[in-house]
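Enquirer: Pasting a predicted model and its sequence here:
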Amino acid sequence: MEFVGPEGLRLDGRRPLEMRQLHAELGVVENANGSAMFEMGNTKVIAAVYGPHEVHNRSQQLWDRALVRCEYSMAAFSTGDRRRKGKGNRRSTEISLVIRQTLEAAILTNLMPKSQIDIYVQVLQADGGTRSACINAAALALAEAGIPMRDLVASCAAGYLNGTPLLDLNYVEDSGGGPDVTVALFPKVDKVSLLQMDSKMPLEHFENVFQLAAEGAKAAARYMREVLMENTQNLARLVTAT
Amino acid sequence: MLKNKAFLKKNRGGRVFKVVREHYLRDDIPCGATFCSSCDTSTANLVAAERLVVVDTNVVLHQMDLLENPAFRNVIILSVVLEEVKNKNLSAYNRLRNICANRSRQFFVFSNEHHRQDINYTYIKAMANESVNDRNDRAIRVATQWFQKHLGDACTVVLLTNDLDNRSKANAEGINVFSVDHFVQSLDKPELLDLVARSESENATPMEIEDSRPSKRKIIYSEHKPMSEITAGIHQGIYHQGKLRVNRYNPFQAYVGSESVGDEILVQGRLNMNRAFDGDVVVVELLPHQSWQGDMTMIAEEEDGDGDERVGLAPDTSDEAAVNKTDEASEKATTSGGSSRPNGRVIGIIKRNWRAYCGSLEPMTTPAGAGSVANALFVSADRRIPKIRIQTRQFGNLVDKRIVVSVDSWDLNSRYPSGHYVKTVGKIGDRDTESEVLLIENDINNRPFSDQVLACLPPLPWSVPAEALHDPHREDLRNLRVFSVDPIGCKDIDDALHCTLLPTGNYQVGVHIADVTSFVHPGTPLDIEAQERGTSVYLVERRIDMLPKPLTEDVCSLRADVERFVFSVIWEMSSEADIISVRFTKGVIKSSAALSYVEAQARMDDSRMSDPLTTDLRNMNRLAKVLRQRRIERGALTLASPEVKFEIDTETHNPLDVGMYQVRESNHMVEEFMLLANISVAKKILSSFPVFSLLRRHPTPTSKMFEPLLKIASAVGIKLDITSSMTLANTLDLAVGDDPYFNKLIRILATRCMTQAVYFCSGELSPPEFQHYGLASAIYTHFTSPIRRYADVIVHRLLAAALDLEKLSPSLRDKSEVTKIADNLNYRHRNAQMAGRASVELHTLMFFRNSRPTDADARIVQIRSNGLIVFVPKYGIEGPVFLVDKASKSSTNWIMDEEQQCANARDGSSKYKVLDSVKIRIQVVEPQPNRPKLELTLLA
């Protein structure tokens, strides 16, 4: 299949190095301590953070740091065919783990010993790159909840199809059988916290694709910072107004 | 700017779901005009001209030959058109893409579906109740309008469409719109007019004038069933789907291989074939059992003056021997008690296999004056293709030419399909023209290499660079006494040998193969071109190279006394030819002699010569004999093919003489070591890459395939055991008749029962299926001729990767990719062989045309109900001799017994048995104009 035409356009009209349109909103779940909705094109994810609070199950309590739990699920209506997806299957268990590990690396857990932080992410609409969108949404929600973090975490994926590195694959490109490299990083300290790849790719191309995904993650981070700044400014305005 | 496209889609299971895709509109898409002031012109190629042309989808689909003509330029292809073409006809899409990729053609692809400029969108959304086609037509009109507005007065933008409705709408919107016909007429280039394909509606008028007789106007063929009915019918098992294959020797008979019936369905006659072409995917309905007819084992009669069996080159393997096919069928018919094989009728065509056909026009009285339109009938060189009706304005000009014609449509009420002229190849009967025709018919690319390809060549003159000798991966083998043995006049020498006596008494034997992959790097235009060509093609008078000439004849060719890069296989062998060790290496050699088979043989035979080179040759020959003996003991078949060799006049390139190709011991010697090298390499690459090695296999023939051979064998009273290749080889050895040629003849017939060996990807089959039947080897590949075969190039890359010398390109690490390459190689190989044979046939014909009727000895290879099929060893030709008069089938002086394979004269004066010797006369006759053929007649 031709994923990049000779005119240099991808199936959805983007050029190889372009991301989809990003959109984020904070405070979408009133009940939660922090929440965010993150969109990458047609991929739409919502994240809610509860905590830090007391550990529910005493046996899991850690004496020197906070317990971070994460639950990933896909809404039944998130894909074209309505099927019960939910949590607990292999795929969502794996993604839950990936999100938790990525974010736990950013959270200063040792400041909150014997407490628990719950992160819930749900995919409302899936169109490729859900993993990255979830990490971004969760990072924003954590920030909104005011949980101390080393740095923001931002993520983006890149692939390699038709001999071209492609940024931010959508569902059609993702199912094209090529490699899919997901990168999450701390934009300020410039450290990678997640690097995953499925399928295989020649080593000589890997570096390029990885760099591309990292660039994408940094671009996502800039946008997320903007959203957070704006949110903070609004809060500050509210405070000064009262 | 973001838009969402939403549509409904049905999946394979029949479930319907909604698909939503993002659709980005952007303002950085250039218009493609070099004179545009507002767009980026770096990729632009439309020049300032009077008119820019926008074409709609149907124009692209039907008028491809017109678009491909270099006179047609400055065309805007909209992405909506491209997309539609891609969905409807992939080959048209590829052709269009090829034109667009050629910058000099000035075709520009405008991505109208993703374009917007300020508030002007060329992307439009379907309106309520608007069909997809209407929406696309509107998108084309909108884009045309945008172009006109965008470019302003600089030029006019013209929309070409043959759709009346679209034209009237465009007119209303103020667009300059033309039908293709009108537009081409306005171009004032009469030669383009013939290229315009006529659509069915336009066709109606001239046809009626032509066929004014009422009887001709009636409907001839039955209508094809609608698609919905066909799919339902296939589901219920009433209809059967398969590829139609027309009998090469009788165009009125075709077979459809159907899995649902489990047998081939016979389709008899043009009416039952119902406008299907050879290679079309069709749907057939079985005829009632009573009306089933068996295959006629008769040599096809001249029905309609169109079908006849002709004399041709003797086939090599069963793929080519269509004659066997009919026999096989009749055999089955008789054994299963009178019921013949299923007969059917085509009721629908799923996929057309139309391509451009080569042939000539049927002569007729020239209509008035040049320039007027003539309706002519085109006769294809491929006999399986029906005549094609075309309109031409240059009849007088074309009547003595070989031309290429495309098919456009086939109406119910037209006996023949209608098509249009594409191009002229040359004058009929001209040697170059006829060669060109056979290249076109076999889909062989004869164009010169493009500049991009030539740019990949190393700078010439090339010599081994000094630093290459210090390369740790490249061994210096210049001290070895390496020599090559090839046919006389061979310029593309890709293999050389050496044989050194080691102090231990063992021999070091090396096979050195031109290191083509150090010049042909994966993914370069050179590599892509070579992969596409797949193989060099050897015609009688010339060679069509896979790689450009400097590589073929100089840089890679292992000529004498020059240093060359090689990829070597080096064995240590005991004096009993047991392999002690094998190693593979890249190296540099300096060949000491480029011998011919004749020279090598002469050296070995001349007892006075005792120079080191001759000693090497003798040692090598001794080892080869042992290897060969061992191979035969394992069950390798010594097969024979009726290969002939022409002596060509060096000046005129006309054939002077023809004769059998002589095989010498030196041929066997080289062959033996090449086989050994191939097997050693195959083992090595398979152990490193079990999933994606490119290997070659020769399937074990089924007992059914041997039936014709066994029938003949039993008729002449010899026993053949076909249980394995070994038993066959042993019984073939015992099959000796009264004369020395008898055994060879039996071997030729045995070879014919087998299919050809094929390339495959090791991951696709299980190891037992890797078997090479003919060579009795469990595994085999091609490594030894990388200059002329692409398979060897791939094997070189695999071997280099297995030795850790190079990295394997990603495309070779993919099973499906390797399978795709293997399929293409098989196709190209087959075509190259067919072209080679066609070339020999052509030269045989020319040879006999230039000489008087010739008498020769022939052997009967088959007896049919109305004649004999004879094989002429001297010229390698085979063809029918009619004993029964064609006009009066019944009154005959002969009793033909097909079961016993013998023919007796009624008066008892003479009798013939299969494999008997007969004397025949060969002469050229031309019963149909422009189709000369050989005729064989029996001499009393």
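Expert: Received the coordinates, thanks.
Enquirer: buried ones in stretch A:55-72?
Expert: Buried residues in stretch A:55-72, counting neighbours by 16 or more other Cβ atoms under 10 Å in any protein chain shown, are found at A:55, A:62, A:65, A:66, A:67, A:68, A:69, A:70, A:71, A:72. For every residue, glycine as well, the C-beta is placed using N, CA and C.
Enquirer: Pipe the residues you listed into a markdown table and attach distance to residue B:810 per row.
Expert: What follows is those, written out as a markdown table (distance: Cβ to Cβ, whole Å):
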| residue | distance to residue B:810 |
| --- | --- |
| A:55 | 49 |
| A:62 | 45 |
| A:65 | 44 |
| A:66 | 45 |
| A:67 | 44 |
| A:68 | 39 |
| A:69 | 40 |
| A:70 | 35 |
| A:71 | 38 |
| A:72 | 32 |
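Enquirer: Show the contacting residues for the closest residue to residue B:111 other than its chain neighbours.
Expert: Leaving aside its chain neighbours, residue B:111 sits nearest to residue B:79 (4.4 Å; criterion: Cβ to Cβ, 6 or more residues apart in numbering or on different chains). By Cβ atoms under 8 Å, 6 or more residues apart in numbering or on different chains, the contact set of residue B:79 is A:5, A:7, B:109, B:110, B:111, B:112, B:113, B:114.
Enquirer: pLDDT and neighbour count for these - can I get that in CSV?
Expert: Shown next, in CSV, are the contacts of residue B:79 (pLDDT from 0 to 100; neighbours: other Cβ atoms under 10 Å in any protein chain shown):
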residue, pLDDT, neighbour count
A:5, 86, 16
A:7, 86, 18
B:109, 91, 22
B:110, 90, 26
B:111, 89, 20
B:112, 87, 27
B:113, 87, 23
B:114, 87, 24
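Enquirer: gap between the closest residue to residue B:272 other than its chain neighbours and chain A?
Expert: Leaving aside its sequence neighbours, residue B:272 sits nearest to residue B:345 (Cβ to Cβ, 6+ apart; 4.4 Å). As judged by Cβ to the nearest Cβ, to the nearest Å, residue B:345 and chain A stand 38 Å apart.
Enquirer: give me the number of residues near residue B:345?
Expert: Number of residues near residue B:345 (other Cβ atoms under 10 Å in any protein chain shown) recorded here: 18.
Enquirer: and the helix or strand hosting it, which strands flank it?
Expert: For residue B:345, the element it lies in under DSSP states H and E is strand B:344-351. Next to strand B:344-351 in the sheet, as set by DSSP bridges, lie strand B:281-286 (antiparallel).
Enquirer: CA atoms only for the partner strand - export them in CSV, please.
Expert: C-alpha atoms of strand B:281-286 as CSV (Å, rounded to 0.1, in the frame of the first residue of the first chain):
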residue,chain,number,x,y,z
VAL,B,281,-11.1,-14.2,-15.0
VAL,B,282,-14.5,-15.5,-16.0
VAL,B,283,-17.6,-17.1,-14.5
VAL,B,284,-18.9,-20.2,-16.3
GLU,B,285,-22.1,-22.1,-16.1
LEU,B,286,-22.0,-25.9,-16.8
